[in-house]
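Asker: Next come a sequence and a model predicted from it.
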Amino acid sequence: MSKLRLTRIKHGGVKNQVFEQLRDRIMERTWPPGARIPSENALAEVLGVSRVSIREALQMLASLGLLEKRHGGGTYVREYTGEIFLNPLLPVLVLDKPDILHVLEYRKIMEKGIVPLVVKRAGSAEIEELEGAYRAMVEHKNNSRAFAEADLSFHLVVAKITGNPVLMKVNTVITDILKVSMYGIVDSLGTWDGLHYHRRILDAIKARDGALAETLMEEHIERTIRRLKRKRGVDKKSHARGKKDG
């Protein structure tokens, strides 16, 4: 196991350290694509951590598409492109779970800013792609998970229409964060706002009304922020009353 160049973990930030060491061994092709990595027990012994810490790190690597469990047991390195390791945001985005409100602040700045480009550059095919995402939202309005995925698809299509490769690359990097935040929004607030605003935004894009589309996008996200804050305030008060009553 020493040839794997794994070193015992220091106290503090254990999960991050385990993730980074295992990720680096994959990046260096100590474990090349198709290789079976050591067992949880073996890794835990070498790194001097619990199996739980190993399991969490392996799950994060699997969520990135770097590892896979195979039938019959064992965890293997998947085929991958090296560019995933060149993104300095990756460890932060995987290891830390941003607050939904912070994600919404990012979206408010980014999505409002790109709407004018979308209005200028959306052709008939792009409009139909947005319509398809909206139809999926309508179809899944009683299924929060499927609705959230359709909602996210709408926003990703909006970014794609800009034709700006930097915007599209950033969205690709943070898609998982956007998805998790969308799940939380829909679970907390339901589907009505999404249907209402997406229809109006789409109609404004079709009408080539950039000012209206921009205003609606900002209003939609700002309203979501306000509603989430209000819901959190109510939940905190209810929790406090429950503790007092208990």
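Answerer: Received the coordinates, thanks.

Asker: Let me see the ranges of the strands in the chain.
Answerer: 67-69, 75-77 (DSSP state E).

Asker: hey, which of those is tucked in deepest?
Answerer: Ranked by mean neighbour count, those are led by strand 75-77 with a mean of 18 (mean count of other Cβ atoms under 10 Å). In this view, the C-beta of every residue, glycine as well, is placed from N, C-alpha and C.

Asker: contacting residues around that strand?
Answerer: Strand 75-77 has contacts (Cβ atoms under 8 Å, 6 or more residues apart in numbering) with 26, 31-37, 58, 62, 66-70.

Asker: ok, now stretch 113-130?
Answerer: If you take Cβ under 8 Å, 6+ apart as the criterion, stretch 113-130 is touched by 154, 157-164, 167, 201-202, 204-206, 208-210, 213-214, 217.

Asker: Any figure for the gap between T215 and I109?
Answerer: Distance, T215 to I109, by Cβ to Cβ, to the nearest Å: 15 Å.

Asker: which one of those two has more residues nearby?
Answerer: Neighbour count, other Cβ atoms under 10 Å: between T215 and I109, T215 has more, with 16 against 12.

Asker: What pLDDT does the model give that one?
Answerer: On the pLDDT scale, T215 is placed at 97.

Asker: ok, it to P116 distance?
Answerer: On the measure of Cβ to Cβ, T215 and P116 end up 11 Å apart.

Asker: helices and strands of the chain: which one bottoms out on pLDDT?
Answerer: Sorting the helices and strands of the chain by mean pLDDT, DSSP states H and E puts helix 90-95 at the bottom, at a mean of 50.

Asker: Please flag which of the contacts of stretch 113-130 sit within helices.
Answerer: Mapping these onto helices (DSSP state H) picks out 154, 157-161, 167, 201-202, 204-206, 210, 213-214, 217.

Asker: Of all pairs in those residues, which one is the farthest apart?
Answerer: Pairwise distances across those peak at 21.2 Å for L167 and K206 (criterion: Cβ to Cβ).

Asker: List the contacts of M217.
Answerer: Shown in contact with M217 (Cβ under 8 Å, 6+ apart): 111-112, 115, 201.

Asker: most neighbours, which of these?
Answerer: I201 (26 neighbours).

Asker: so who does that one touch?
Answerer: I201 is in contact with 115, 213, 216-217, 220, counting by Cβ under 8 Å, 6+ apart.

Asker: rerun that using 6 Å as the cut-off
Answerer: 213, 216-217 (Cβ atoms under 6 Å, 6 or more residues apart in numbering).
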